[in-house]
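S.K.: Pasting a predicted model and its sequence here:
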Amino acid sequence: MSTQNEPTDLLGISPVIPVVVIDDADHAVPLARALVAGGISIIEVTLRTPVALQAIERIAAEVPDILIGAGTVTAPAHAAQAASAGARFLVTPGSTRSLLQSAEETGLPILPGAATASEALQLVEMGYSSLKFFPAEAAGGVGYLRSLAGPLPQLRFCPTGGISPDNAAGYLALPNVGCVGGSWLTPAKALATGDWKSVTTLATAAAALQR
Ligand SMILES: O=C(O)C(=O)C[C@H](O)[C@H](O)COP(=O)(O)O
């Protein structure tokens with residue numbers, strides 16, 4: 001397995017990677033612009049909805065100021081589909097060899113998911129050192145990640161799952177956390193009602209988080 005796809009700086013772009021679920025492709029561009037207006041220059045569109053690839057395509061074409069990635073990459077076929085749509089990085093909630101192999105074939109940076117020391121070690125063996133820690137809160141939260149820093153100090157994480165403005169700072173204070181991921185910047189209600197102002201307000205607060 002190659003290490004050329006290692007996203008060495010993916011965790012350094014923003015304190016928060018917004019993880020978004022887009023149900024209407026027409027929401028994609030105004031949503032991405034609202035994040036940019038709040039100072040967030042990276043977005044992970046989850047491949048959870050029928051319009052996700054279309055949303056990625058539109059953001060890639062129309063919002064050059066945001067780094068567009070695909071999340072919920074859970075099947076080998078997703079990787080090439082996301083790359084063709086214009087995704088510039090891939091995020092997986094968990095990792096298998098075949099999933100990562102097809103992700104690596106795209107040549108895109110990958111943020112592979114892990115939730116345990118064994119999973120993290122498997123990824124280390126494959127050449128990765130920047131990982132997504134998912135599901136962060138349910139898997140043990142800040143205390144768990146702090147414990148991993150002892151035996152695995154070379155790893156950096158983007159914890160995701162259950163992160164909110166209330167607990168983000170605790171994660172960002174850890175030495176092995178580069179950024180956090182979360183859906184709280186893009187509430188379903190704000191998207192449904194076209195309340196892009198609220199998204200910008202949430203993004204502005206997220207962009208100001210210290211790490
Ligand atoms: O879809 C993926 O690829 C995932 O790994 C899951 C997401 O990162 C979390 O669902 C976001 O979690 P919340 O911020 O708690 O909503």
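M.R.: Thanks, I have it. None of these values were measured; they are calculated from a predicted model. Residues are numbered from 1 along each chain as shown.
S.K.: Now do the helices in this structure.
M.R.: 28-37, 52-62, 76-85, 97-105, 117-125, 136-139, 141-149, 168-172, 188-193, 196-207 (DSSP state H).
S.K.: Dump those into TSV; add distance to Val45, mean pLDDT and mean neighbour count as well.
M.R.: All C-beta atoms are positioned from the backbone trio N, CA, C, and that covers glycine. Converted to TSV, the helices of the chain look like this (distance: least, C-beta to C-beta, whole Å; pLDDT from 0 to 100; neighbours: other C-beta atoms under 10 Å):
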stretch	distance to Val45	mean pLDDT	mean neighbour count
helix 28-37	7	98	22
helix 52-62	5	98	21
helix 76-85	9	98	18
helix 97-105	16	98	18
helix 117-125	23	97	15
helix 136-139	20	98	17
helix 141-149	25	97	17
helix 168-172	20	98	20
helix 188-193	12	97	14
helix 196-207	14	98	19
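S.K.: Can you check which of those gets nearest to Phe157?
M.R.: Phe157 lies closest, by C-beta to C-beta, to one member of these: helix 141-149, at 6.0 Å.
S.K.: coming back round to it: save the helices of the chain as CSV, and put in distance to Arg156 too.
M.R.: Listed next are the helices of the chain as CSV, based on distance: least, C-beta to C-beta, whole Å:
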stretch, distance to Arg156
helix 28-37, 23
helix 52-62, 25
helix 76-85, 22
helix 97-105, 18
helix 117-125, 11
helix 136-139, 14
helix 141-149, 10
helix 168-172, 12
helix 188-193, 30
helix 196-207, 19
